[in-house]
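*Asks:* Output the structure for:
(2 chains)
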Amino acid sequence: MKKIIYFLTGLIAAFQLAGCDESKLDLESQSAYDYKTYFTSSEGLNQAVVATYATLLHNGLWSREYYFIFDLLGYEAKKTTNLQGDMAQIADYSFGTSQAQIGQLWNSLYRLILRSNVVIDRAGVWNPTGAADQQAAKQYIAEARFLRSYAYFNIVNLWGKAPLITAYDSTVANNYPSRSSAEAIWAAIENDLKLAAADLPVSYDAATGLGRATKGAAVALLGKSYLYQKKWAQAETTLAQLTAAPFTYSLDPSYENLFSSTNQSSPENIFQIMNAKWTDWGIGNQYYVFGGQETWGGKATHSDRAQEYGFKDWFNVYIPTTTVKSFQYPHPTTSANYIDPRAKFTFYGSKESGGDTQYCQKCAGGAIDFPFKADDPQGYYVWKKYQYYNEVASYGGPQSSINGQVIRFADVLLMLAEAQIQQGKTGADPLALINQVRKRSGAVAYTSLGAQADAMKIIMRERQVELCGEQSRYFDLIRWGIAKQTINAQRAAEPGDGKQPFQDKNVLLPIPDVEKNYNPNVAKDIANGWN
Amino acid sequence: MFFPQVFAEVDIISGLRFRTQLSAEIGGGKNRSYQYGYTGGNNLTNPQQATLGFSNYSFYTLENYFSYNKVFGQHSVSATLGNSYLDPGNSSGLNATGTKIPNDAIQNISVAQSQAVTGSTYGYARSSVISYFARLGYTFDDKYILTGSFRRDGASNFGANNRFGNFYGLGVAWRFVDEEFVKNGLNFLSDGKVRFGLGRTGNNSIPTTGVTSVLTYSGSPNGNLVYSLGTNEGFNPGTTINTLSNPNIRWESTDQTNIGLDLGFLNNRLNVTVDWYNRKSSGLLVSVPVSGSTGASASGGQPSKYANAASAQNKGVEFSVGYRDQARGGFQYNMSANLAYNKNIVNSLGSEFAAPIQAGAFSNLPAFTYTAAGSAIGSFFGYEVSHVAKDQAEIDALNAKAAEQTGDATTKYQAGLLPGDFIFKDLDGDGKVTSTDQKILGNPIPKIVYGFNAGVNYKGFDLNVVVSGVSGLKIVNAFKFVTENESTGHNASTEILKRWRKAGDVAELPRAGQSATGDGNLRPSDWWLENGAYLRLRNVTLGYTLPQGVIEGIGGGKVFKSIRVYAAAQNLLTFTKYKGYDPEVSTQNGGSFIFSRGIDDRQQLPQPRTLLCGLQLGF
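*Replies:* Numbers count the residues shown, from 1 in each chain, chains lettered A, B, ... in the order given. A predicted model of the protein is given here:
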């Protein structure tokens, strides 16, 4: 017996010596990789790039809040009584620094930057030897540069000065980055986009790569950046590149197709947000857009825009009657009242408004008349663009596969025309560009643009009508410097509104609490508690 | 769950013994749920689904030590020297979700026509810790007691350079009751002892991986990070990072000094204990929220970083008194009461963080707590409400005064103020309400904790009562976000009838349709805070033990040794002014206990009132 005890003691003591081996304190995670070792292959790095794209669907961005925020602020959407809570404050311009959607937008844009920085940092460390891998690394870095500049493009336009973080630091030694000047941010954007344009392919294998950033996307965003900085000549030469080889962009013959469930393959797309149709609760949650991205929401990439805006579903917003009226203007040649044909693809409404008067054209039961309510004091014009009521009478939940568009060819043509007009060229070139866009949707052609001021008015209306509901107008009004007068005038005239909420400070968004509460260097650099 | 254990002991020489022990814990769980199809708030439809999940864990602890105990006349010596190893073990789990369930007749995953693994976990059950320890005790004449201990702990939570921490304890006690001068001069004392203690302890309660290094992130559960690419928009898996590392993180340590006095009177029927303590914690281990521009968070989340963030101090006094006695006829009773006073203050935020740490945001409202040197940790911070604005004339008057004071005609007293809104106080007197008009409004750490316990035994009956309470604290009643405010479409309580409705109303609550974020009426303010004091009858038990004669009557007394029946009530009564469900609020859902304590964010279930009857059989 004693022997056995001694034996056991010896055994355990031996085990114990092993136990005291201090290497037992070196525990590696068994459910995630160390970032230093994982992104050292083409496949690993590709996943880091995919994760960077995935940020485009995060809170504040394109799965939900992005269109709400900028349609409401740009007054292309007017709240219905269904729109309650904090989102209604965006509609009312009564938001402040704690506005959740604005904080989320800020955080998600910087998350997009972090993930881009990770790709650039890791691809630099990877340093592969094979030619194919070297090519892949170049492409991944270029994609990350494009996405990073897209984030900064939003940041500089919405907040002006902001922290400029262009390198990955796993420990974040500096918890409190200061705000960099808008000029420094613009310079970083231009630099990134030039490098990205040099290394990105003109196209990818569509079956696997559609949706990734292309050379054209980088050139388009670079041209747009020049335009926003009023560098007209550079904007013109850069945007003009997209109309010639190697690029093959063309206007989609069907304006309606651009906003339909099949818009991902339109020849007009330059950069789009890839939204796949939701299929099953076991795979993804229909409501992942409410903060469940990558977590409780499962695997999902759909957009909830159709559900949020759709008049047969949540119906949170109208299209304002003043916006509807912008589709009516004097006929270019006869000066009679002209209704732009794009009205029919943009909203449902009365016959007189030019909006579509039927939906469910592809439903089994056939087309249904849109129940226009002539006595609705708010107007009762509702969104058709980015809806698919031509296919079903009601969605029953967020599941839309209609892709969001960041830049499309028509936008480029109009920006190119604007860059020319801003330089005083109001002749045949911009006229042809504008008429090219108009002709596609069947709008009558202009015969001349007039003097520069008139030409600008035409281009402004053209952008408003063509890009209505594409989160372009708010940015346009701000950069044209006419946001306050335009939005206040429009809202003053709008039935059910009548307010003039746009204050001078609103040309920038407030620096959100999510930054200033945790960053004293930013907090001390904010004027009037706003920006 | 079970706890296997083997050990061996060897006596080497008289008083010296070696013991080696291996103990383990093995456990696991199963969870399943079934969700009926329903339509929730905002018309969110959810179809039926079922989940099934299994998890298990196991780990062991190995201890090896020499112990020595010897008495030499009046000298008594004890010593221990050894080491231990806490194995991190393993924990794993798997969850599956079933959807497309035809109907509710069968309610489990097996009938689901679409089934998917919705999560898997695999990792360590805990941190691994290697310890070396020594303890020495010396007693002279049972009067003078000296103890000293030292331990060196190494934990897997920290980087290689900061892995080990040294901790110690020193204790001196004097049983003065045994001294002659006490026996002669103070003979009413039946027990008397003073104690003095000094020591340092450590804390390593942070995750064991992913703090000192950055790990990959591909969604949570893994694999949920996807983006659609290609014409068919299939899901492509993505992997990135979403945390920040802190390679320099180290043990949190607490230096404690305490002095205590134990007294017994009336043959120890009456006992009194008093303790004074001063605990200084430095390098508190917490996850600190950091700015959004760091980008290191999941969608919708605020980035954060584990750090040794603050040094704080708790000082206090604890007092307890107990009395037990036996009256004639077998009537036994005992009672005791205790009272503790504590004061918490933050001494510094350490070297890593210069700015006050703000946390405790809920329902899209901004941070409610504020941690900075000079105030209690996790203090509530915000504005003070003056009253609800009666009409535009009142606001115009305020604005006119603000314009006059600042010399700028465009100055408004409070941005966005409309009739029916809360007017906040201009605490810094600059004529307008801005962020500098916020102040510390209170904290959720009770200043006083007290309790009372009483028991009675008589002729087989026993009765026990436990009462406890706290006072001197504030808690945030986040229920008010729905019950006393009409900014969103929620149902409210009848309190909402006190809201402002028309110009001229002198109302308690602001108007309906107000702002739903922290820029308006709902901003952090004393309106949210309530007195968190309570007195709770925690437990009452009444039992009856059957007389021995009855037991002997059952099976000749060979079946049972004892039989007791009892009835108990838990959480029977609560006296509090708090208007939420339960004043015993711990911490915000998912928040840290240090920075988001005392925020009743509607996620915590109130403690149930439990009535139970029992039968206790002894064999």
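*Asks:* Flag every residue of the stretch 401-531 of chain A that's near chain B.
*Replies:* Listed as neighbours of chain B in the stretch 401-531 of chain A under the rule Cβ under 8 Å from any Cβ of the partner chain: A:401, A:512, A:513, A:514, A:515, A:517, A:518, A:519, A:520, A:522, A:523, A:529. Placement of C-beta: from N, CA and C, glycine included.
*Asks:* Make sure the first one is actually in contact with residue A:275.
*Replies:* Which is residue A:401. Yes: using Cβ atoms under 8 Å, residue A:401 is in contact with residue A:275, at 5.5 Å.
*Asks:* intersection of neighbour lists for those two?
*Replies:* A:302, A:303, B:233 (Cβ atoms under 8 Å, 6 or more residues apart in numbering or on different chains).
*Asks:* Name the member of those with the most neighbours.
*Replies:* Ranked by neighbour count (other Cβ atoms under 10 Å in any protein chain shown), those have residue A:303 at the top, with 28 neighbours.
*Asks:* Quick check: the closest residue in space to residue A:426 that isn't next to it in sequence vs residue A:424, distance?
*Replies:* Leaving aside its chain neighbours, residue A:426 sits nearest to residue A:455 (4.3 Å; criterion: Cβ to Cβ, 6 or more residues apart in numbering or on different chains). Taking Cβ to Cβ, to the nearest Å as the measure, residue A:455 falls 9 Å from residue A:424.
*Asks:* domains in chain A, as residue ranges please.
*Replies:* A:39-200+A:472-531, A:299-402 (automatic domain parsing).
*Asks:* from those, which stretch is densest packed?
*Replies:* Comparing those by mean neighbour count (mean count of other Cβ atoms under 10 Å in any protein chain shown), domain A:39-200+A:472-531 comes out on top with a mean of 21.
*Asks:* Can you get me the start-to-end distance on that one?
*Replies:* Terminal residues of domain A:39-200+A:472-531 lie 38 Å apart, using Cα to Cα, to the nearest Å.
*Asks:* For that domain, the averaged confidence score.
*Replies:* Domain A:39-200+A:472-531 carries an average pLDDT of 95.
*Asks:* cool, and stretch B:406-424?
*Replies:* Taken as a whole, stretch B:406-424 has an average pLDDT of 88.
*Asks:* and the residue lying closest to residue B:342 once chain neighbours are set aside, what pLDDT?
*Replies:* Closest residue to residue B:342 apart from its sequence neighbours, by Cβ to Cβ, 6+ apart: residue B:316 at 3.7 Å. Predicted confidence (pLDDT) at residue B:316: the value is 96.
*Asks:* ok, now residue B:267?
*Replies:* At residue B:267, pLDDT is 89.
*Asks:* mind listing what it touches?
*Replies:* residue B:190.
*Asks:* wait, is it part of a strand?
*Replies:* No: Residue B:267: not assigned to a strand; according to DSSP: H, G, I helix; E, B strand; the rest coil it is coil.
*Asks:* Okay, helices next: where are they in chain B?
*Replies:* For chain B, the helices defined by DSSP state H cover B:180-185, B:392-406, B:480-483, B:548-552.
*Asks:* highest average neighbour count across these?
*Replies:* Ranked by mean neighbour count, the helices of chain B are led by helix B:480-483 with a mean of 19 (mean count of other Cβ under 10 Å).
*Asks:* Relative to the whole chain's centre, how far out is that one?
*Replies:* 24 Å (Cα atoms, centre = their mean, to the nearest Å).
*Asks:* Kindly export that helix (C-alpha atoms) in CSV.
*Replies:* Extracted in CSV, the C-alpha atoms of helix B:480-483 (Å, rounded to 0.1, in the frame of the first residue of the first chain):
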residue,chain,number,x,y,z
LYS,B,480,-38.2,56.4,-17.7
PHE,B,481,-37.1,56.3,-21.3
VAL,B,482,-40.3,54.4,-22.1
THR,B,483,-42.6,55.0,-19.1
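*Asks:* Now do that helix: everything it contacts.
*Replies:* B:362-363, B:365, B:488, B:490-493, B:495-496, B:522, B:527-528, B:602.
*Asks:* Reformat the residues you listed as JSON lines; add distance to residue B:592 and neighbour count.
*Replies:* Listed next are these as JSON lines, based on distance: Cβ to Cβ, whole Å; neighbours: other Cβ atoms under 10 Å in any protein chain shown:
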{"residue": "B:362", "distance to residue B:592": "14", "neighbour count": "20"}
{"residue": "B:363", "distance to residue B:592": "18", "neighbour count": "17"}
{"residue": "B:365", "distance to residue B:592": "18", "neighbour count": "23"}
{"residue": "B:488", "distance to residue B:592": "27", "neighbour count": "17"}
{"residue": "B:490", "distance to residue B:592": "27", "neighbour count": "13"}
{"residue": "B:491", "distance to residue B:592": "31", "neighbour count": "9"}
{"residue": "B:492", "distance to residue B:592": "30", "neighbour count": "17"}
{"residue": "B:493", "distance to residue B:592": "30", "neighbour count": "12"}
{"residue": "B:495", "distance to residue B:592": "31", "neighbour count": "14"}
{"residue": "B:496", "distance to residue B:592": "33", "neighbour count": "15"}
{"residue": "B:522", "distance to residue B:592": "23", "neighbour count": "25"}
{"residue": "B:527", "distance to residue B:592": "24", "neighbour count": "22"}
{"residue": "B:528", "distance to residue B:592": "19", "neighbour count": "25"}
{"residue": "B:602", "distance to residue B:592": "18", "neighbour count": "17"}
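*Asks:* Identify, from these, the entry nearest to chain A.
*Replies:* residue B:488 (4.2 Å; Cβ to the nearest Cβ).
*Asks:* which residues of the stretch 51-200 of chain A fall in helices?
*Replies:* Applying DSSP state H, counting those that start in this stretch to the stretch 51-200 of chain A gives helices spanning A:65-73, A:86-92, A:100-126, A:131-159, A:182-199.
*Asks:* Which among those is found nearest to chain B?
*Replies:* helix A:100-126 (3.0 Å).
*Asks:* In terms of secondary structure, what does the closest one contact?
*Replies:* Judged by 3 or more Cβ pairs under 8 Å, 6 or more residues apart in numbering or on different chains; DSSP states H and E, the packing partners of helix A:100-126 are helix A:42-54, helix A:65-73, helix A:86-92, helix A:131-159, helix A:513-516.
*Asks:* Which among these is found nearest to residue A:384?
*Replies:* helix A:65-73 (13.9 Å; Cβ to Cβ).
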